[in-house]
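A.B. asks: Build me a model from this:
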Amino acid sequence: MGNEFRYVWLVETRRLLLLMGVVFGLILFVQYFELPYSNIFSSLFASGNSQISPIDTFPGRGSYINHTSSRNSTNSSSFNSTDLNAADVVSSPTNVSDGTNVKSFDDISSEEIDPEDESRSPDFSETNHNSTTESIVTNTSSVPQETILNYTSKSNASLDDNGVGDIVRKSDERSSSDNSKSASPSTSIGKDTESIHQENKNTKILSEPEPAVVPISKMNNMLLQSRVSRRAMKPRWSSIVDQELLNAKSLMKNAPIIRKDPHFDVHLYRNISEFKRSYELMEQTLKVYIYAEGERPIFHQPPLKGIYASEGWFMKLLQSNKQFVTKNPKKAHLFYLPFSSRSLEVNLYIPNSHSRQNLIQFLSNYIGTISTKYNFWNRTGGADHFLVACHDWAPAETRKAMANCIRAMCNADVKEGFEFGKDVSLPETYIRSPQNPLRQLGGKPPSQRKFLAFFAGSMHGYLRPILLKYWENKDPDMKIFGKIRKKKGEITYAQYMKSSKYCICAKGYEVNSPRVVEAIFYECVPVIISDNFVPPFFETLNWESFAVFVLEKDIPNLKNILLSVSKKRYAKMQQRVKLVQQHFLWHPRPVKYDVFHMILHSVWYNRVFQTGELFSSLIESRRLLWILGMAFATTVLVFQFFKLPNDTVFSSLISAAGKVAFFGSTKPTTYPIQKSNTTQIQLENDTASSRTDLSPKTVPALMTISQMDELLSESHSSLNSKQSHLFSAVDKELLHAKSEIENTPLVHSNSGLYEPLYRNISKFKRSYDLMDKMLSVYVYKEGEKPIFHESILEGIYASEGWFLKLMESSKHFVTQDHTKAHLFYLPFSSRLLQLTLYVPHSHSRENLIVFMKNYTELLIQKHPFWNRTNGEDHFLTACHDWAPAETRGKMLNCLRALCNADIKAGFVIGKDVSLPTVHVKSAKNPVKDIGGQPASNRSTLAFFAGYMHGNARPMLLKYWGKDPDMRILDRLPHVKGNKNYIDYMKTSKYCICARGYAVHSPRVVESIFFECVPVIISDNYVPPFFEVLNWESFAVFILEKDIPDLKKILMSISEERYVEMQKGVREVQKHFLWHDEEPVKYDLFHMILHSVWYNRVFRIKSA
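C.D. replies: A predicted model of the protein is given here:
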């Protein structure tokens, strides 16, 4: 039989070598022609050439300037009712930039005028007037469910686009639905871009039904989610700039922590360390290529005055910049599309047409031109291109053709397609004088600001009339007005801003308003009333440290909200407004950290963090093909000749137990489950692909502590990992350690350790010493914050965070050489996984499970470590209740340290580790309030207080809530420092640790912390460090069905026995303490690591 199989393998090998010869021929062909790896033929031609508009279809100067000139009088008259700044009404290609040939606002003391008097066109305002008034103000409208992470919407909140670029009122759309279904004309961008759109759709994950209002707290979560899930398209061919971006990303993520800075208030920023490092790297690294294509006035001619001036100033300063701009596109990290959305509207929009189709088509043609003429766009599908646009219509105009670009937009509305992690919120700055953009800067100190709040402006949109309805002339402290004009002897608009504590920034027709930056300009704390508005530089700034956010529905409570801010808090916020001001100022010559640099930094920052981890494996394609081909051929020949290692020749080349059909089959890799004569624990929806049978016998519906003891004993004799495919030096070391532990001399007494606490003090002591001497752990670097490499150090899930923090900083155990590692650590937080990715009220954890599965697959593909043992030398620490479900599949083979150590949820005694659930109240002092009264001073028989979670606690309260000896309570009223709860723990003989929704509870460790004997009422719960500690020596276990007999059971324990148990609690306490600086011997960090080490050692199988 063996010879027959050997013959078959030899035949298959010859076939394989023949196939490899053909592959090598193709490699040589590709190498000779130097073709990119993604698509050989697409690189020979302009991508999607047949679909792209030819260059001559892109309108030149003559094609639209004459049209504009012929309607200048119409255009001019259309703005009469809104007092539009004449500087921005373009009547010829020469008067766009600064308005020097027309009367300016400087001539009429423009600082006294409502900034939005430079208004949107009547077409715009008319169609917006009643678009979403009731639905948004009352917050009762339902929004259709979207299957996207970023809560974007394909419909404009105020101007609906019916698919062909027409602007229609929502009421008009309902009455003319047939027209709205008309097919949209092709936007000629090419097949590549279309395929990229499809790729992006396929990468989005399910989210909750889109809420009508997205508050600032939700935006913070969405930003975190984007850091985890958003990735730009993988480049079609590699470039040196990709590696530079990856290097920058790594340096930013690992920036040294800055707790204080002499030049910055760290509270102004989400992460001051990351921001400063990112900014420095931008200055050192960033290169931007500016397209020369496009004619004035829409391209290359910046408007520098009015409320849309941000796009113009940025264009002007970037085009004249020598530090960032490069003429060599191969060196460019970003590509700038130099158009003005304001000039686009002024020159191409036909008044009263209610259609933006020609504007959308114009930009589509422009993209078609540059994607035909150059290959820059095609390499990334536009993901490394960016635009800066301040007009309200920019989201709709750039939604299709430029969807993959990084869009810096003033109209940063979550409901209009703003995407966290990609798009940038552009500050809307009202420039009155291009010659002096800092005119009137500053305001009065807090003590001289006599008005509580101020607002004045035109009644644009639905919100401002509501603001006036409640607060105009209603309260002397609230200066809320409509439009004000300068009158002799009266306070001006600017003076009000300079003299008010809070400046109300209420949305107009759109979410953005120049008042946000004006408030900062005049050092007034901004109060932003604009649902779904993403404030500027949101990815960097901590807006809640210097601004107040009020939901539109809360306008009636506006004064109460402002008065609830303490004087101390207000003083800090106002001081931070003054400090953040530098980020919102335009300078004729840019200065460090000004608004020009901040816009560029936000674009750079988002581009860097869209660069996926997979890019790191993209070395130059020709070299990659050569290396892979040579390595594969050599490996196959050597393995075939020497018949290495064991089992079959090819099984060692692929993941453990995987079966791959090299010829004539397209079936995916399968992972057989080992069978046993014993019955396994049946896991609900268990899809484990390679889990070995881990249960030595049938698990009953209810498992007592004595049965768990038996299961542990049997596991050490029957549980062995699958033999490694390549036996290594670390396997020999583990076998040596196992032999040393099993044959250790008996120890009957030991200074520092209390013998009754341990199952076998001799084995524990020897095992701990060997761990301290031998153990090396490799910590994976893969995975992005916040789910990976970020620690939560307070709360009931803190154990996973403390272990992660101490493990990553350990010089004693951590190794950078994976060949020396006995264990491999997966550094993720199950709590942050839930906070970041779980969709509230969805009742589905599927996306969390898929996320962890994808992470495992990434490690399997990127490194050989997992495949050597099928993950059995890998471990994780996870304290969230959902961790057992989230770590199924291939992660079942790992050593899982879980707080939710439930036999019925798949916890495997002898492999998995029960992680203590520790409620850390202060990360700075995790051992605060430790200790309790001696046994003789504990007057209360038993104590419990807590929420009525689950089934056991209500039953406990029902039977014992009124017993005078038993303090069994519902949740105690809160007092400072939780003093009443702690006092009960410190003065009770027994502390009841009743399960809630899951089997584990922080009360187990709390009892030990306060030196109270724990009474564990939680069926099927495996207590912490079960493989080492003799829990019955210092704790009482009661089945849930025996709750009616609780007092009788406790009273049956003799006083002598109780004193022994209480002593055991005091002695075991050191194993359950976190230390904020350095771990100490036998503490909680070392005990967790020891239990993982111990289980790994006893599962190792000899060669």
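A.B. asks: roughly how far apart are the residue nearest to residue 1076 when sequence neighbours are not counted and residue 1069?
C.D. replies: Excluding its sequence neighbours, the residue lying closest to residue 1076 (CB to CB, 6 or more residues apart in numbering) is residue 926, at 5.9 Å. Yep, even glycine has a C-beta here, placed from its N, CA and C like the rest. For residue 926, the distance to residue 1069 equals 13 Å [CB to CB, to the nearest Å].
A.B. asks: same thing with residue 785?
C.D. replies: For residue 785, the distance to residue 1069 - CB to CB - is 33 Å.
A.B. asks: Kindly report the same for residue 389.
C.D. replies: Residue 389 is 62 Å from residue 1069, by CB to CB.
A.B. asks: between these two, who's got more neighbours?
C.D. replies: Taking neighbours as other CB atoms under 10 Å, residue 389 and residue 1069 compare with residue 389 leading, 28 against 18.
A.B. asks: residues touching the closest residue to that one other than its chain neighbours, list them.
C.D. replies: Distance criterion CB to CB, 6+ apart; nearest residue to residue 389, sequence neighbours excluded, is residue 341 at 3.7 Å. Neighbour list for residue 341: 308, 311, 389, 390, 391, 393, 394, 397 [criterion: CB atoms under 8 Å, 6 or more residues apart in numbering].
A.B. asks: quick one: which of the residues you listed is nearest to residue 1003?
C.D. replies: residue 394 (55.4 Å; CB to CB).
A.B. asks: Please report how far the nearest residue to that closest one once chain neighbours are set aside lies from residue 294.
C.D. replies: Leaving out its chain neighbours, the residue that sits closest to residue 394 by CB to CB, 6+ apart is residue 341, at 4.5 Å. According to CB to CB, residue 341 and residue 294 sit 13 Å apart.
A.B. asks: tell me, what's touching those two both at once?
C.D. replies: Shared contacts of residue 341 and residue 294, defined by CB under 8 Å, 6+ apart, are absent.
A.B. asks: how far does stretch 900-916 stretch from start to finish?
C.D. replies: Using CA to CA, to the nearest Å, one end of stretch 900-916 lies 9 Å from the other.
A.B. asks: Relative to residue 910, how far out is residue 713?
C.D. replies: With the distance defined as CB to CB, residue 713 ends up 9 Å from residue 910.
A.B. asks: Same check on residue 1055?
C.D. replies: 37 Å.
A.B. asks: and these two? which has more neighbours close in?
C.D. replies: Neighbours per residue, other CB under 10 Å: of residue 1055 and residue 910, the larger number sits with residue 910, 23 against 10.
A.B. asks: so the more buried one makes contact with residue 1097?
C.D. replies: No: using CB atoms under 8 Å, residue 910 makes no contact with residue 1097, being 11.4 Å away.
A.B. asks: Please enumerate the shared neighbours of those two.
C.D. replies: By CB under 8 Å, 6+ apart, no residue touches both residue 910 and residue 1097.
A.B. asks: Can you show me the helices along the stretch 701-850 of the chain?
C.D. replies: Remark: helices assigned in the stretch 701-850 of the chain by DSSP state H, counting those that start in this stretch are 705-718, 729-742, 761-774, 798-808, 830-837, 846-862.
A.B. asks: got it, and the stretch 851-1000 of the chain?
C.D. replies: Here the stretch 851-1000 of the chain has its helices, by DSSP H, counting those that start in this stretch, at 865-869, 883-886, 952-960, 979-987.
A.B. asks: Could you check the pLDDT of the nearest residue to residue 959 once chain neighbours are set aside?
C.D. replies: Leaving aside its chain neighbours, residue 959 sits nearest to residue 1044 (5.4 Å; criterion: CB to CB, 6+ apart). For residue 1044, the pLDDT comes out at 96.
A.B. asks: helix, strand or coil for residue 1044?
C.D. replies: What DSSP: H, G, I helix; E, B strand; the rest coil gives for residue 1044 is helix.
A.B. asks: Just confirm it contacts residue 958, I think it does.
C.D. replies: No: between residue 1044 and residue 958 there is no contact under CB under 8 Å: 9.3 Å.
A.B. asks: My read is that the residue nearest to residue 1076 contacts residue 1074, right?
C.D. replies: Yes: using CB under 8 Å, residue 926 makes contact with residue 1074 at a distance of 4.2 Å.
A.B. asks: Quickly list what's touching both of the two.
C.D. replies: Taking CB under 8 Å, 6+ apart as the contact rule, residue 926 and residue 1074 both touch 798, 802, 918, 920.
A.B. asks: is it possible to export those residues to CSV including neighbour count?
C.D. replies: Below are the shared contacts of residue 926 and residue 1074 laid out as CSV (neighbours: other CB atoms under 10 Å):
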residue, neighbour count
798, 24
802, 26
918, 26
920, 23
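A.B. asks: Deepest-packed of the helices of the stretch 851-1000 of the chain, please.
C.D. replies: helix 883-886 (a mean of 24; mean count of other CB atoms under 10 Å).
A.B. asks: What about residue 853, how many residues nearby?
C.D. replies: A count of neighbours around residue 853, defined by other CB under 10 Å, yields 18.
A.B. asks: just to revisit the earlier point, nearest to residue 830 among the shared contacts of residue 926 and residue 1074?
C.D. replies: residue 798 (12.1 Å).
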